[in-house]
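[1] compute the structure for the input listed below.
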Amino acid sequence: MNNNIDEEKDVNKENEDKYNDLIEKTRRKNDGYWDINNPFIKIVLLILFVIGVVGAIYYIALWLQTK
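    Next up, the predicted model:
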C-alpha cells in the first residue's frame, strides 16, 4: 500500500515538472508579443482613439449642418 502511494507521488512530481517546463517554454515563446503596458502601444492606441473621436465629431457636424 505504501509503495503504491510513493509511486503515485513520483508520477505526480514528474507530471508537475513536465507541466512547469511546458509553462516556462510557452512563457519564453510569447515574450515577443506587444502588451498594453508598452508606452509605444499606448501612444498608438491613443492616436487611434483621437482619430476615431474627431472623425465621429466631424460626421455628426456634417449631419447637423444638412438638417
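[2] quick check: residue 51 vs residue 8, distance?
    Taking Cβ to Cβ, to the nearest Å as the measure, residue 51 falls 60 Å from residue 8. C-beta coordinates here come from the backbone N, C-alpha and C atoms, glycine included.
[3] what does the pLDDT read for residue 67?
    In the predicted model, residue 67 carries a pLDDT score of 76.
[4] how about low-confidence regions in the protein?
    1-2, 27-34 (pLDDT under 70).
[5] can you tell me which residues contact the residue sitting nearest the centre point of the chain?
    To find the centre residue of the chain, average its C-alpha atoms and take the closest one (Cα atoms, centre = their mean): that gives residue 35, at 6.5 Å. Listed by Cβ atoms under 8 Å, 6 or more residues apart in numbering, the contact set of residue 35 reads residue 41.
[6] what about residue 59, how many neighbours?
    Burial measure for residue 59: 10 neighbouring residues, criterion other Cβ atoms under 10 Å.
[7] buried ones in the helix or strand hosting it, by neighbour count?
    Taking DSSP states H and E as the definition, residue 59 sits inside helix 39-66. Within helix 39-66, no residue counts as buried by 16 or more other Cβ atoms under 10 Å.
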